[in-house]
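> would you be able to build a 3D model of this:
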Amino acid sequence: MTNRARWQGIVGGDRGEVLVEFSVSAFVLLITMLGVIDFSRALYTYHFVSYAAQEGTRYAMVRGADWTPSCASANSYGCQASAANITSYVQSLAPPGVVASNIGVTPTWPELNADGTSTGCNTTPKENSKGCLVKVVVTYSFHFIMPFIPQTALTMSATSEKAIAY
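Predicted structure coming up:
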């Protein structure tokens, strides 16, 4: 057996094919794992948006017109819930990975009940009174980090509506 035949047996053959197959398989596996992680981030963010809408209405429903109008901060206990206070409070709830500046909060005090009858609660002095409804819509612009997913923002939205208790 010549030296050349010996080297072809060691270097040649199937060894190069295995390396190529492993590279392709590892690439597909890695992309799949990163895709699962990115979609998990989207699910995590949507869960937060839903939670934030519920917490925003809860914040407003326990801080009605009977409370002091001025607040030192959104987390102050004894103050009335205004649109600015609700927005500030919801944005302060942002967990790691959620950008607070991308959170949109729209609190309203609807005029109509679920059955279509008027509440009379949409006028400024009465809008925050006990028994009136408060509705908080939270939106968030989510961006995927994977390069092959379209880079347009995915807008997530959740709405919560409750009656003011105090």
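
> separation between Cys132 and Met33?
49 Å (CB to CB, to the nearest Å). C-beta here means a position set from N, CA and C on the backbone, and glycine is covered the same way.

> so for the two, which residue has more residues nearby?
Per other CB atoms under 10 Å, whichever of Cys132 and Met33 has more neighbours is Cys132, with 20 against 10.

> neighbouring strands - and their directions - for the helix or strand hosting Val105?
Assessed by DSSP states H and E, Val105 sits inside strand 103-108. Under the criterion DSSP bridges, strand 103-108 sits next to strand 133-142 (antiparallel) in its sheet.

> next SSE downstream of the partner strand?
Downstream of strand 133-142 (by DSSP H and E), the next one is strand 154-163.

> tell me which strands and helices that next one is in contact with?
helix 15-61, strand 133-142 (3 or more CB pairs under 8 Å, 6 or more residues apart in numbering; DSSP states H and E).

> can I get these in TSV with mean pLDDT and distance to Ala165?
As requested, these are exported to TSV (pLDDT from 0 to 100; distance: least, CB to CB, whole Å):
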stretch	mean pLDDT	distance to Ala165
helix 15-61	91	5
strand 133-142	93	10
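
> which of those sits most buried?
Neighbour counts (mean count of other CB atoms under 10 Å) averaged over each of these peak at strand 133-142, with a mean of 21.

> now it: how far from the chain's centre is it?
Offset of strand 133-142 from its chain centre (CA atoms, centre = their mean, to the nearest Å): 10 Å.

> pull the residues that contact it.
Outside strand 133-142, the residues that touch it by CB atoms under 8 Å, 6 or more residues apart in numbering are 42, 45-46, 48-49, 52-53, 56-57, 60-61, 81, 86, 90, 98, 102-110, 113, 119, 121, 128, 153-164.

> quick check: closest non-adjacent residue to the residue nearest the centre of the chain.
For the chain, the residue nearest the mean C-alpha position is Thr45 (3.3 Å; CA atoms, centre = their mean). Distance criterion CB to CB, 6 or more residues apart in numbering; nearest residue to Thr45, sequence neighbours excluded, is Phe142 at 5.2 Å.

> list the contacts for Glu161?
57, 110, 133-136.
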